[in-house]
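Chemist: quick one, fold the following:
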Amino acid sequence: MFDKKDLEQILDLALETGGDFAELFFESTFSNLMEMTMGNVSKANSSNVHGVGVRILKDTEEVYGYTNDVTLENIKEFVTHLSSSYVGNRICHTKPLEEVFYPNRTPVMKTPNSVSNEEKMHYLHRCYEGAMSLGKQIKQIICTLTDKEQNVIIANSDGVYAKDTRTNCRIGMNVVASDGTNMQSASNNTGRNMGFEFFDQEDLFSFGKEVGESAITMLDAKEINGGKMTVVVHHGFGGVLLHEACVHSLEATSVAKGISVFCGKLGQKIASDIVTAVDDGTLENYWGSLNVDDEGHVTQRNVLIENGILKTYLVDYRNARIMNHPTTGSGRRESYKYSPTSRMTNTFFINGTSTFEEIIQNTEYGLFAKSMGGGSVDPSTGEFNFAVQEGYLIEHGKITVPVKGATLVGSGAEVLMNIDMIANNLTTGHGMCGSKSGSIPTDVGQPTIRVQNMTVGGRGSC
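Modeler: This is a model prediction of the structure:
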């Protein structure tokens, strides 16, 4: 790899035609995937992605390109070609590069390349055994283990020089159950930004069993009758509601363009008084954590909403110029093939003062959304719809019969205002978030929350 002097020369070359900022993002990533279907390995893939992305800014204008030929001669030629997008004279030079130092929040003890395929098969088989222990109603089990080690070097003309290694390991499951007449599926995943020691700490048998139990439970579910009702959204991956319906609208990707429902609302009340929401990239070994973001800035804890008041947006370097807002360590990208933009890390509501039991006991009638499925959202309006994967009726303060076909419909702004109870049982779920700069690991999370007057779609009579 190049020394700092080489990188400074490349960056300075990028500024010859009037650009005022240049950035290099070097990446070398090794990824593996193993899939097991009904106890037998059905897929095994490995890949190595390497290259460099080059970004040049002139005020708020941007040109971006990438190449996987990382020889010094080619990169200089490539940068010269890219900088020709601007026509002008040099207005600045690259500052001497100084390395960014940070506490390592993503330590790894058992690297992916130290784990044999036999060990990986063992982890998957434990999940399979857990689901199969439930008996003949389990008809299909697909388990997938993915691991990735991404090594990055980021250098820019402001003098930033940062290096980081991100190691993500995750197991996902999909289970299909049938009683001979009905068929239902359930899915879940678990993962961390850490090594395979994570799986040694997890009870994968119980994990697989829980996914299977969810599929079996829903075999007896009746179609829910839709309408306005109280909805209790469970902890963990229930936080996808906050992630999709609310915080995407707080990303500078939308706000800087003036197309977010939360534009111009800093310091204003946008949520119930009991709501505090955070995006925190510093949490040790969390799925969405990073030591530095993909622009070389140290990640931080960003309090987005505090006691209902909007405190900050998530802002990357370029959009900070547009918005005149400080950067928040939120510049992220899938790989060197993408220019960075503002993205989430680990996003969640903080704990409230109620217990889960109190929330249920104080709900006369409503829907308990135990686990969430897929959905969609329009960041410009915050309007969303989400499928409920596993749901139950709440009647007279008790969770009663399972229901299916429930869809949560509404707007993020409306949901934030209508949260009237928050439990003290915060957990997180692990997902991949797709946006302008590709697909990245993000944690979503929350304690159990209660939302009043939510529209629930359904076509049944239950």
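Chemist: I'd guessed Val160 sits against Asp294; true?
Modeler: No. Counting by C-beta atoms under 8 Å, Val160 stays clear of Asp294, with 11.7 Å between them. Where you see a C-beta, it was placed from the backbone N, CA and C, and this is true even at glycine.
Chemist: more crowded one of these two?
Modeler: When Val160 and Asp294 are compared for neighbours, Asp294 comes out ahead with 31 against 19, by other C-beta atoms under 10 Å.
Chemist: the more buried one reaches Phe25, doesn't it?
Modeler: Yes. Asp294 is within contact range of Phe25, at 6.6 Å (criterion: C-beta under 8 Å).
Chemist: any common contacting residues for those two?
Modeler: With contacts defined as C-beta atoms under 8 Å, 6 or more residues apart in numbering, the residues shared by Asp294 and Phe25 are 152, 154, 333, 340.
Chemist: poorly predicted segments of the stretch 51-200 of the chain, please.
Modeler: Applying pLDDT under 70 to the stretch 51-200 of the chain flags no residue at all.
Chemist: what does the stretch 251-400 of the chain give?
Modeler: Looking at the stretch 251-400 of the chain by pLDDT under 70, you get an empty list.
Chemist: what are the boundaries of the helices in it?
Modeler: Along the stretch 251-400 of the chain, the stretches classed as helices by DSSP state H, counting those that start in this stretch are 252-255, 317-323, 356-361.
Chemist: check which residues of the longest one are buried.
Modeler: What it means is helix 317-323. For helix 317-323, the neighbour count (16 or more other C-beta atoms under 10 Å) marks 317-321, 323 as buried.
Chemist: same question for stretch 174-188.
Modeler: Applying a neighbour-count criterion of 16+ other C-beta under 10 Å, the buried positions in stretch 174-188 are 174-178, 184-188.
Chemist: so which of the residues you listed comes closest to Tyr102?
Modeler: Nearest to Tyr102 among these: Asn188, at 32.2 Å, using C-beta to C-beta.
Chemist: domain map for the chain?
Modeler: The chain is divided into the following domains under automatic domain parsing: 4-99, 112-149+166-220, 223-459.
Chemist: so how far is Ile154 from the closest residue to Gly65 other than its chain neighbours?
Modeler: Spatial nearest neighbour of Gly65, excluding adjacent residues (C-beta to C-beta, 6 or more residues apart in numbering): Leu82 at 4.8 Å. Separation of Leu82 from Ile154 (C-beta to C-beta, to the nearest Å): 17 Å.
Chemist: circling back: out of the domains of the chain, deepest packed?
Modeler: domain 223-459 (a mean of 21; mean count of other C-beta atoms under 10 Å).
Chemist: so which elements touch the helix ranked longest in the chain?
Modeler: The longest helix of the chain (DSSP state H) is helix 117-132. If contacts are counted by 3 or more C-beta pairs under 8 Å, 6 or more residues apart in numbering; DSSP states H and E, helix 117-132 sits against strand 21-37, strand 138-156, strand 160-178, helix 204-217.
Chemist: what would these look like in a markdown table with distance to Ile224?
Modeler: Below are those laid out as a markdown table (distance: least, C-beta to C-beta, whole Å):
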| stretch | distance to Ile224 |
| --- | --- |
| strand 21-37 | 32 |
| strand 138-156 | 25 |
| strand 160-178 | 19 |
| helix 204-217 | 15 |
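Chemist: and Pro103, which of the ones you listed is closest to it?
Modeler: Across the helices and strands packed on helix 117-132, closest to Pro103 is strand 160-178 (C-beta to C-beta), at 12.1 Å.
Chemist: now the closest one - C-alpha only, PDB.
Modeler: Provided in PDB are the C-alpha atoms of strand 160-178 (Å, rounded to 0.1, in the frame of the first residue of the first chain):
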ATOM      1  CA  VAL A 160      -7.500  13.100   7.400                       C
ATOM      2  CA  TYR A 161      -5.800   9.700   7.300                       C
ATOM      3  CA  ALA A 162      -7.800   6.800   8.800                       C
ATOM      4  CA  LYS A 163      -7.600   3.000   8.800                       C
ATOM      5  CA  ASP A 164     -10.200   0.600  10.100                       C
ATOM      6  CA  THR A 165     -11.200  -3.100   9.900                       C
ATOM      7  CA  ARG A 166     -14.800  -4.100  10.100                       C
ATOM      8  CA  THR A 167     -15.700  -7.800  10.800                       C
ATOM      9  CA  ASN A 168     -19.300  -8.700  10.400                       C
ATOM     10  CA  CYS A 169     -20.700 -12.200  11.200                       C
ATOM     11  CA  ARG A 170     -24.400 -13.100  10.900                       C
ATOM     12  CA  ILE A 171     -26.700 -16.100  10.800                       C
ATOM     13  CA  GLY A 172     -30.200 -15.800   9.300                       C
ATOM     14  CA  MET A 173     -33.000 -18.400   9.200                       C
ATOM     15  CA  ASN A 174     -36.200 -18.900   7.400                       C
ATOM     16  CA  VAL A 175     -38.600 -21.700   8.600                       C
ATOM     17  CA  VAL A 176     -41.700 -23.000   6.900                       C
ATOM     18  CA  ALA A 177     -44.400 -24.800   8.900                       C
ATOM     19  CA  SER A 178     -47.500 -26.600   7.700                       C
END
